[in-house]
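[1] Curious how this folds, go ahead:
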Amino acid sequence: MPRFPFRWPVEVRGPRGERFFARSSEISGRGIGMVVDHLTAVGLAPGGTVLGPHTPVIGVQLQVPGEDAEAGIRLEGRVRHIRRLSQQQYLVGVNFVDPDAALQLVHRVRASGPLSHAAGASAKPDS
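    Prediction:
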């Protein structure tokens, strides 16, 4: 599935109800990539837990630019991977639980125009 770069604020609800804030980096029909700080990365994978199909479900709420924060798009997913980008930034990959809702979101992101896309970026295939 192609990935589309976009930058929207994200509120993440951890498996124990914790709230974290992130910035989306890309989306596909299967999942989302988010840039988070160290505390959020630890909260989403405490103790370096091995991530897999039994990883607890988390909530992801995307804040659509120009819309009321309460009107955000809510999806559920499982953390697939966490990669360190720098000393204080991590990339968290989340697979969505409901692929139909994810595809609707991808269509909305693509239709939203330049507010959501990185300038000059193109779709890249999932690996």
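
[2] CA only for contacts and neighbour counts going forward, please
    Will do.

[3] wait, what's in contact with the closest residue in space to residue 23 that isn't next to it in sequence?
    In space, and not counting its chain neighbours, residue 23 is closest to residue 9: 4.7 Å by Cα to Cα, 6 or more residues apart in numbering. Shown in contact with residue 9 (Cα atoms under 8 Å, 6 or more residues apart in numbering): 21, 22, 23, 24, 62, 63, 64.

[4] so the fifth one touches residue 102, yeah?
    No - counting by Cα atoms under 8 Å, residue 62 does not reach residue 102; the two are 11.7 Å apart.

[5] which strands and helices sit next to the longest strand seen in the chain?
    Scanning the chain for the strand with the most residues, using DSSP state E, yields strand 73-84. Where contact means 3 or more Cα pairs under 8 Å, 6 or more residues apart in numbering; DSSP states H and E, strand 73-84 is packed against strand 57-62, strand 89-96, helix 99-111.

[6] Which one of the ones you listed lies nearest to residue 38?
    The closest of the helices and strands packed on strand 73-84 to residue 38 is strand 89-96. By Cα to Cα, the value is 6.2 Å.

[7] Now, the contacts of residue 9 that are in strands?
    Going by DSSP E, the strands hold 21, 22, 23, 24, 62 from those.

[8] just to revisit the earlier point, so for the residue nearest to residue 23, what's the pLDDT?
    Residue 9 is assigned 91 on the pLDDT scale.

[9] now residue 48
    The model's pLDDT for residue 48 equals 61.

[10] Please apply the same query to residue 51.
    pLDDT, residue 51: 67.

[11] Kindly report the same for residue 70.
    pLDDT, read off for residue 70, is 68.

[12] Find the nearest non-adjacent residue to the spatially most central residue of the chain, please.
    Closest to where the C-alpha atoms of the chain average out (Cα atoms, centre = their mean) is residue 32, at 3.7 Å. In this structure, residue 32 finds its nearest non-sequential neighbour in residue 94, 5.4 Å apart by Cα to Cα, 6+ apart.
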